[in-house]
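Colleague: Let's see this in three dimensions:
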Amino acid sequence: MQYSEETLRTLADCFKQTLAPDPEPRKLAELFLKQSSEQPGYGIAILRLLSELSVDDQVRQSAAVNFKNHIKYRWPVSDPEGSTLASIQDSEKEQIKALIVGLMLNTPPKIQSQLSEALAIISNHDFPAKWPLLLPELVANLRSSTDLHVINGILSTANSIFKKFRYQYKSNELFTDLKYCLDAFAAPLLEVFQKTGQLIASTQDNTVMLKTLFERQRLCCRIFYSLNFQELPEFFENHMAEWMGEFHKYLTYNNPSLSEAEADKESVVDQLKAAICENINLYMEKNEEEFQGYLSQFAQDVWGLLMTVSLSPSHDRLATTAIKFLTTVSKSVHHVLFADGATLQQICERIVIPNVKLRDEDEELFEMNHVEYIRRDMEGSDLDTRRRMACELVKGLSTHYREQVTGMFSAYIQEMLREYAVNPAQNWKGKDCAVYLVVSLAPRQAGGGSVGSDLVNIEQFFTTQIVPELQSADVNSLPLLKADALKFMTTFRSQVPKAVALQLLIRFLVAESNVVHSYAASCIEKMLAMKDGKQPRYSGAELDPYLEQLLTNLFAALKLPESQENAYVMKCIMRVVSMADLRQFTSLCLAELAKILGEVCKNPTNPSFNHYLFEAVAALVRKACGRDSEQVATFETLLFPVVQIVLEQDVTEFAPYVFQILAQLIESRRPPLPSVYIGMFPPLLTPTLWQRSANVPALVRLLQAYLQNAPQEFNQASQLNSVLGVFEKLVASRSTDHQGFYILNTVIESLSYHTFAQYVPQIWGILFTRLQRERTVKFIKSLIIFMSLFAVKHGHALLTDSINAVQPNLVFMILEQIWVPNLTYITGDTETKLCAVAATKLLTESPALLAEGAGPLWGRLLNSVMTLLVRPEEERVEQETDIPDLDEVVGYTTTYAQLYNAGKKEEDPVEEVKDAKEYLAVSLAKVSTQYPGKFGALIQQSLDPANQAGLMQIFSTFRVGLA
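Modeller: Numbering: from 1, shown residues only. Reported below is the predicted structural model:
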């Protein structure tokens, strides 16, 4: 795309139209931009547009977002097998890198932030090796500029670039990059931090300027965190006194004019203090020895902070980071700072209890945003909440002072419960706090639940405090306490008597509170999933007395306000459908689920809910249709309208699920398949469906179902030719070659040889071309399994002749270079048995291998078979080193989600062979009678000593021997 005044106007108009409320011009503009982005020079044109001050800021901001996304998806080198998006040309990349820094530093903040993100994306791919000028340019601008916003823009960009040092694994390459960044940026960073400190000290009245300066200091602290994350750099160790002196100054800084008026908005000062707390916590965790000289001062600073920090949401992040620092100290060798009983008591009473107690904001969240409340409270992702961090501090203190801490909190809990008993209506928050402490401080076991508590007697607590809440006549009274009781039940579910669990829980599924009925559903689901050893704790029969009410209440819960797509309820439905004997309730469940499917198809928004919904449908198909194939027609009547919507309206999120359900229905039917399925088959081979990576496993599963259950349909050459075309596409890619083999194996297993005989040369050509071009462990294993299946299904003679038809004696080359050396890497019981049986057939039935001159190869193949059968899998199989082709699935696409309940039943292709070892022994004994004395010497020459001993043991076990 050549840049010109006309190009500028066209692009500006398009970006303006993308902001239009009318969908028609908006779609046309988006289409034009999408097509334009394919042209070389598009990125440069957008940057030129962003530099034009005459263009409206909103239009420029829209263009900046577009540029960032253009960089995100087109900067990486495109994979010929993966992304269909063309990469930006190298020459254009160099132009972009030359322009972007200067442009970013001279644009308004909203545009600057987008360009900064784009720059960070580029740096992830090119910095420092392919962009050596970036850091010097940033440092030069940092030292020369006096513009507050420019300096902050540079620091924001550096912060984005250096974040990679926080999460990447240690490696020589990482440390090389880190040293390069430290050498260039560590000294300028300290200079800026100190100079900004001086500016802050001399600027007390200019609030706007102060806020900008404090934001700069926060960015410096985040860069400090990134550069120090892996290990303590020499520069920072040498200048620790300067850094720590500045940190101490800001932790004790106070300026009321910088406070925010809004209760939930964090001030710039608090943001900086929180960043400093993270830095000193990092040093405490990783550089304790070097940091210990500053520890006492910072412990006092943080203690003082926590004594003054309010319970306002605006102080949440500061409170949690400060508590985290004290927690780290409490677990270290410096725990003696808290050894005094009075200190422990102060921490518990002035830090822990106030931060654990329910606030008005928590109540509001419970009522107004149940999804966020549950995310924080139930699912363990609440490490950033005050309540959770306060409990982590208690656990930290208990590391060295368990007896004192346990005694204190046991007393606090009993006192809060006594206050509640005196006046439940007024003091219910005390009971909430008590239950929260018991649940949060209970040690966890492997399954996720807890087995006990040092704070209370669990059985007594359950009887006196939890059961009364759950037996309350009104399921809607004091909903927070009901939620607490349900959470307690979930946490200590392994100790709740089976006889009372479901009785107590089912009625809470229809409570008005979204949190309460979500917790009830979650608790029931987790209880039903429990196992005693390998056996489920609850059997399907034990659900029978409660089943009707349970299902009624679960489906009723999905009709409550804001719970129409409640993932906890749907997961519980899935669990019940999977476990229970639903015979009399199958129609009810199918009708309800089909109705819900019809609704969510209109606008899929909740991936978790949708997944459990389809799992529930798959479980229903598996149980009902698997038991009675006559039911399939009923399922088809209710589910086909949904299938039609998904395929006709291209509901991409649901297509993989629908294909799996269709495969289930086909497998549940008695042949022949109705015409509706036959008519559906050709569209399934449409290339666009297979271009979406999420569709591929599900479509392969569906093709397998067709091949296995309607083999007569594939006698038509055109159908099979199309199927093999799909196989060819899949097997060419490292990420999907195994899926191609699934199709090929099913063709071999399900169809007669004459049906596909004409395609065999083409199949070998495709496989051997791929073998020459790119060998991977996965591909070679898949190839060996395919050849083994071919041999046992259609005979070793056809296998040998068809391979040799490609090239004379090619089968010997394949055996020597591929089959024999890699046979021992086969894994999986069914695959191991198949490959052992196929190899045994070659050893004992193939004239070519039994001929004079083939003895060494025969011996090596037998040695591999023995290794396969005798040595444990973990000894003979090294960890695979194939690296998945991540580029092939990168992008904003639907991901494949396999339905557990729609899983393909694994079939044994050599079912007639009960034991592969016995089959080998008997076959060798039989063939030895035709060649007396031939094999003894070969075995001694070719087999490892351990394999020789193993073979003799097998002969002895099955009472056969060589002639």
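
Colleague: all contacts plus neighbour counts: C-alpha atoms, from now on.
Modeller: Will do.

Colleague: buried sites along stretch 818-826?
Modeller: 818, 819, 820, 822, 823, 824, 825, 826 (16 or more other Cα atoms under 10 Å).

Colleague: In helices, which of these fall?
Modeller: 820, 822 (DSSP state H).

Colleague: so where is the stretch 401-550 of the chain shaky, pLDDT-wise?
Modeller: 445-451 (pLDDT under 70).

Colleague: Run through the strands of it in chain order.
Modeller: 531-532, 535-536 (DSSP state E, counting those that start in this stretch).

Colleague: Out of those, flag the one nearest residue 503.
Modeller: strand 535-536 (18.8 Å; Cα to Cα).

Colleague: tell me which of the buried residues of stretch 818-826 is nearest to residue 566?
Modeller: Using Cα to Cα, residue 826 comes nearest to residue 566 of the buried residues of stretch 818-826, at 43.1 Å.

Colleague: From residue 869, how far off is the closest one?
Modeller: Distance of residue 826 to residue 869, given as Cα to Cα, to the nearest Å: 10 Å.

Colleague: same deal with residue 487?
Modeller: Counting by Cα to Cα, the gap from residue 487 to residue 869 is 50 Å.

Colleague: Now the lowest-mean-pLDDT helix or strand in the chain - C-alpha only, PDB.
Modeller: Least confident helix or strand of the chain, by mean pLDDT, DSSP states H and E, is helix 873-876 with a mean of 80. The C-alpha trace of helix 873-876 is given here as PDB (Å, rounded to 0.1, in the frame of the first residue of the first chain):
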ATOM      1  CA  GLU A 873       7.000 -48.900  29.100                       C
ATOM      2  CA  GLU A 874       8.800 -46.300  31.300                       C
ATOM      3  CA  GLU A 875      12.200 -48.100  30.700                       C
ATOM      4  CA  ARG A 876      12.000 -48.500  26.900                       C
END
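
Colleague: what comes into contact with the helix or strand harbouring residue 15?
Modeller: Element membership for residue 15 (DSSP states H and E) is helix 5-17. Residues from elsewhere that reach helix 5-17 (Cα atoms under 8 Å, 6 or more residues apart in numbering): 25-26, 29-30, 32-33, 45-46, 49, 55, 58-60, 62-63.

Colleague: Can you pick out the most distant pair from those?
Modeller: Once Cα to Cα is applied, these give 25 and 45 as the farthest pair, at 21.7 Å.

Colleague: Comparing the two, which residue is more hemmed in?
Modeller: residue 45 (19 against 16; other Cα atoms under 10 Å).

Colleague: what about the more buried one, which helix or strand?
Modeller: According to DSSP H and E, residue 45 maps onto helix 42-50.

Colleague: Would you mind pulling up the elements that that helix packs against?
Modeller: helix 5-17, helix 57-74, helix 90-104 (3 or more Cα pairs under 8 Å, 6 or more residues apart in numbering; DSSP states H and E).

Colleague: closest one to residue 184 among those?
Modeller: Go through the helices and strands packed on helix 42-50 one by one with Cα to Cα and the one that ends up closest to residue 184 is helix 90-104, at 16.9 Å.

Colleague: Could you list the buried residues of the closest one?
Modeller: Buried-residue list, helix 90-104, by 16+ other Cα under 10 Å: 93, 96, 97, 100, 101, 103, 104.

Colleague: In this model residue 119 seems to touch the fourth one, though I could be wrong.
Modeller: Which is residue 100. Yes - between residue 100 and residue 119 there is a contact at 7.2 Å, judged by Cα atoms under 8 Å.

Colleague: The residue found closest to residue 816 once you drop the neighbours it is linked to in the chain: neighbour count?
Modeller: Spatial nearest neighbour of residue 816, excluding adjacent residues (Cα to Cα, 6 or more residues apart in numbering): residue 857 at 7.0 Å. Using other Cα under 10 Å, residue 857 is surrounded by 18 other residues.

Colleague: Name the secondary structure element that contains residue 857.
Modeller: Assigned by DSSP H and E, residue 857 falls in helix 855-870.

Colleague: What ranges does the stretch 151-300 of the chain have for its helices?
Modeller: 164-167, 172-202, 207-228, 234-238, 240-251, 268-286, 288-308 (DSSP state H, counting those that start in this stretch).

Colleague: Residue 393 touches residue 326, doesn't it?
Modeller: Yes - when contacts are counted by Cα under 8 Å, residue 393 is listed as touching residue 326 (7.1 Å).

Colleague: Run through the neighbouring helices and strands of the helix of greatest length in the chain.
Modeller: For the chain, the longest helix by residue count, based on DSSP H, is helix 386-422. When contacts are defined as 3+ Cα pairs under 8 Å, 6+ apart, helix 386-422 packs onto helix 316-331, helix 341-346, helix 353-356, helix 424-440.

Colleague: what's the angle from it to helix 424-440?
Modeller: Between helix 386-422 and helix 424-440, the angle comes out at 140 degrees (axes from the mean of the first three to the mean of the last three Cα atoms, to 10 degrees).

Colleague: Identify each buried residue in helix 386-422, please.
Modeller: 386-398, 400-401, 405-406, 408-410, 412-414, 416-417, 419-420.

Colleague: Equivalent analysis for stretch 675-684, please.
Modeller: With burial defined by 16+ other Cα under 10 Å, the residues of stretch 675-684 counted as buried are residue 684.

Colleague: and if you look at stretch 844-857?
Modeller: In stretch 844-857, counting by 16+ other Cα under 10 Å, buried: 844, 845, 846, 848, 849, 850, 855, 857.

Colleague: I'd like the distance between the residue nearest to residue 453 when sequence neighbours are not counted and residue 492.
Modeller: Spatially, and ignoring its direct neighbours in sequence, residue 453 is nearest to residue 442 (5.1 Å; Cα to Cα, 6+ apart). Per Cα to Cα, residue 442 is found 9 Å from residue 492.

Colleague: Kindly reformat the helices of the stretch 151-300 of the chain as JSON lines and extend each row with mean pLDDT.
Modeller: Listed next are the helices of the stretch 151-300 of the chain as JSON lines, based on pLDDT from 0 to 100:
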{"stretch": "helix 164-167", "mean pLDDT": "90"}
{"stretch": "helix 172-202", "mean pLDDT": "95"}
{"stretch": "helix 207-228", "mean pLDDT": "96"}
{"stretch": "helix 234-238", "mean pLDDT": "96"}
{"stretch": "helix 240-251", "mean pLDDT": "97"}
{"stretch": "helix 268-286", "mean pLDDT": "96"}
{"stretch": "helix 288-308", "mean pLDDT": "94"}
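
Colleague: Show me where the stretch 251-400 of the chain dips below the pLDDT cut-off.
Modeller: Along the stretch 251-400 of the chain, segments meeting pLDDT under 70 span 379-383.

Colleague: and if we set it to 50?
Modeller: Within the stretch 251-400 of the chain, no stretch falls below the threshold (pLDDT under 50).

Colleague: can you check the stretch 701-850 of the chain too?
Modeller: Looking at the stretch 701-850 of the chain by pLDDT under 50, you get an empty list.

Colleague: where along it do the helices fall?
Modeller: Using DSSP H, counting those that start in this stretch, helices in the stretch 701-850 of the chain cover 717-731, 737-750, 753-756, 760-773, 777-794, 796-806, 810-814, 820-822, 829-845, 847-850.
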